[in-house]
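**Student:** here is the input, now give the coordinates:
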Amino acid sequence: MNDLAPLLTPEGRALLDEVRGTAPADELAVATRLRRGHPAGLVSAALGQARLRQRAAAKFGAEDAERMFFTPNGVEQSTRASVAAYRAERLRALGVTSVADLCCGIGGDAIALARAGIRVLAVDRDPLTAAAARANADALGLAGLIDVREADVTEVDTAPYDAVFVDPARRGGRGRIFDPEAYSPPLSWAVRAALEAPHAALKVAPGIPHEAVPAEAEAEWISDGGDVKEAVLWFGTAPGAVRATLLPGPRTLLGRGLPDPEVRSVGRYLYEPDGAVIRAHLVAEAAEELDGGLIDPTIAYVTADALRETLYATAYEITDQLPFGVKKLKALLREREVGILTVKKRGSAVEPEELRRKALPKPQGPHSVTVFLTRVAGAPTMLIGAPARAVTGAGAS
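**Tutor:** As a prediction, the model looks like this:
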């Protein structure tokens, strides 16, 4: 699929309506039937778009996804709607009324900005991607607020806009790109563009080294439903600040420059900080409100004797602490009639699926446990317990 134009015609839109929700197993039969009255290429494009819409529903919601137009890369790389909406609201709260959205992709962030009442210039150099962004603005009734331009973002004049948003490409022919200077455009160019605007937000990979964050930027790590989605470098806000934001919410933990928590023996409760808290290096801030310490100086698990409510970690009640050993674990699971085993790891080379298969080859009963493969004071250890459900956390049910 390298041209959206046929799908935007009345015939193309009618086909999209007809193939909506087609299951993969039914595609051949549907394609054979539709090719009797429509060009084969158009039928293939419609079915391909239907597949992309089904995949995109997880990010955009079914209602929007069924009206939007996607490219394979666009589905993969676009921002989740909840994250884009949060960022748009932050910009709106800063008084931003217009944004130059550079490397706009299929328009996910532009849509969120426009829905926040912000006027958007959406720029992408790829013709098909820009066409998808334009089609999406029209499909969602936002064309009046979103001006899509096919151009090289490095040649765009951003001076007329209150803010700049840059989402550089972080994938290449060999997969994910980890070096910020290998982004397209490079992070250094994006920072220069940001410094020229009253406000700016640069979307970067959550694994960005803290030392790569410019001194002029505020760094924010964002998770949604417990999964870390991205980091954002903000300009024109609070230089040097660090925050972890958890969605839904938002719930934001601000860095206070605390030293690392002390290491202590494993208490009754183990707290698993949200991934955004860990990426932002704010485990100490989370541990302070729990009156907890670390189980190991290199492991981001917090332990405490008391059960406390926290927005930034999930609590587990620990019943057993054992040296690592499959036979010991298997015997314990059999003795306690465990049929559901959840395995988590941090600081262990053991694969959870492999341990689950060896330790619980057959369900033994109605009970469930969680096993943490980790290190305690440097020693490979298994901590066994279950969620402490009275505590609200990123992964609590």
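
**Student:** quick check: the residue nearest to G61 when sequence neighbours are not counted vs K59, distance?
**Tutor:** The spatially closest residue to G61, leaving aside those adjacent along the chain, is A81, at 6.2 Å (C-beta to C-beta, 6 or more residues apart in numbering). In short, each C-beta sits where N, CA and C put it, glycine included. Computed with C-beta to C-beta, to the nearest Å, the distance linking A81 and K59 is 6 Å.

**Student:** check E18 too.
**Tutor:** Distance from E18 to K59, by C-beta to C-beta: 24 Å.

**Student:** between A81 and K59, which contacts overlap?
**Tutor:** Jointly contacting A81 and K59 under the rule C-beta atoms under 8 Å, 6 or more residues apart in numbering are G108.

**Student:** more neighbours, E18 and K59?
**Tutor:** Comparing E18 with K59 by neighbour count (other C-beta atoms under 10 Å), the higher total belongs to K59, at 20 against 15.

**Student:** name the SS class of the residue most central in space within the chain, please.
**Tutor:** With distances taken as C-alpha atoms, centre = their mean, the residue of the chain nearest its centroid is K229 (1.9 Å). Look at K229: counting by DSSP: H, G, I helix; E, B strand; the rest coil, its state is strand.

**Student:** what's the pLDDT at it?
**Tutor:** pLDDT, K229: 94.

**Student:** next: G173.
**Tutor:** G173 is given a pLDDT of 59.

**Student:** again with the one 3 residues further on
**Tutor:** R176 is assigned a predicted lDDT (pLDDT) of 73.

**Student:** S348 too?
**Tutor:** Looking at S348, the pLDDT reads 93.

**Student:** do P127 as well
**Tutor:** The model reports P127 with a pLDDT of 94.

**Student:** so who does it touch?
**Tutor:** E150.

**Student:** distance of it relative to A331?
**Tutor:** For P127 relative to A331 (C-beta to C-beta), the value is 63 Å.

**Student:** right, and A132 touches N73 too?
**Tutor:** No - contact criterion C-beta atoms under 8 Å: A132 and N73 do not qualify, at 10.0 Å.

**Student:** these two: which is more packed in?
**Tutor:** More neighbours surround A132 than the other of A132 and N73, with 25 against 15 (other C-beta under 10 Å).

**Student:** can you give me the buried ones in the helix or strand where the more buried one lies?
**Tutor:** Using DSSP states H and E, A132 falls within helix 127-139. Buried residues in helix 127-139, defined by neighbour count with 16 or more other C-beta atoms under 10 Å: 128-139.

**Student:** report the distance from the helix or strand just after it to the chain centre.
**Tutor:** For helix 127-139, the following helix or strand on the C-terminal side (DSSP H and E) is strand 146-150. From the chain centre to the centre of strand 146-150 is a distance of 26 Å (C-alpha atoms, centre = their mean, to the nearest Å).

**Student:** give me the mean pLDDT for strand 146-150.
**Tutor:** Model confidence over strand 146-150, given as mean pLDDT, is 97.

**Student:** and it, what does it pack onto?
**Tutor:** helix 108-115, strand 119-124, helix 127-139 (3 or more C-beta pairs under 8 Å, 6 or more residues apart in numbering; DSSP states H and E).

**Student:** redo these as a markdown table? Include distance to D64.
**Tutor:** Below are the helices and strands packed on strand 146-150 laid out as a markdown table (distance: least, C-beta to C-beta, whole Å):
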| stretch | distance to D64 |
| --- | --- |
| helix 108-115 | 8 |
| strand 119-124 | 16 |
| helix 127-139 | 9 |
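
**Student:** so which of those is nearest L373?
**Tutor:** In terms of C-beta to C-beta, the element of the helices and strands packed on strand 146-150 nearest to L373 is helix 108-115, at 36.5 Å.

**Student:** hmm, who's touching that closest one?
**Tutor:** Here helix 108-115 makes contact (C-beta under 8 Å, 6+ apart) with 59-60, 64, 78-79, 81, 84-85, 87-88, 91, 99, 101, 104, 120, 122, 133, 136-137, 140, 142, 145-146, 148, 165, 167.

**Student:** any idea which of the helices and strands packed on strand 146-150 gets closest to D3?
**Tutor:** Of all the helices and strands packed on strand 146-150, helix 127-139 comes closest under C-beta to C-beta, at 7.2 Å.

**Student:** the closest one vs strand 146-150, what angle?
**Tutor:** Here helix 127-139 runs at an angle of 170 degrees relative to strand 146-150 (axes from the mean of the first three to the mean of the last three C-alpha atoms, to 10 degrees).

**Student:** so E89: helix, strand or coil?
**Tutor:** Classified using three-state DSSP, E89 is helix.

**Student:** how about it, nearest residue that isn't a chain neighbour?
**Tutor:** A116 (6.0 Å).

**Student:** ok, the one you found - contacts?
**Tutor:** Going by C-beta under 8 Å, 6+ apart, A116 touches 85, 88-89, 91-92.

**Student:** any chance you could map the strands in the stretch 151-300 of the chain?
**Tutor:** 163-166, 171-172, 175-176, 199-204, 218-224, 227-235, 242-247, 251-254, 269-273, 293-294 (DSSP state E, counting those that start in this stretch).

**Student:** before we move on, back to that, any idea how far the residue nearest to E89 lies from K327?
**Tutor:** For A116, the distance to K327 (C-beta to C-beta) stands at 57 Å.

**Student:** got it, and A143?
**Tutor:** Distance, A143 to K327, using C-beta to C-beta: 65 Å.

**Student:** got it, and T342?
**Tutor:** From T342 to K327 the distance is 20 Å (C-beta to C-beta).

**Student:** same thing with R55?
**Tutor:** Separation of R55 from K327 (C-beta to C-beta): 43 Å.

**Student:** the two: which has the busier surroundings?
**Tutor:** Set R55 next to K327 and count neighbours by other C-beta under 10 Å: R55 wins out with 15 against 9.

**Student:** surely that one and V75 touch.
**Tutor:** Yes - R55 is in contact with V75 according to C-beta under 8 Å; the separation is 5.1 Å.

**Student:** and the nearest residue in space to E289 that is not next to it in sequence, how many neighbours?
**Tutor:** By the measure of C-beta to C-beta, 6+ apart, the closest residue to E289 outside its immediate chain neighbours is T310, 6.3 Å from it. Residues lying near T310 (other C-beta under 10 Å) number 26.
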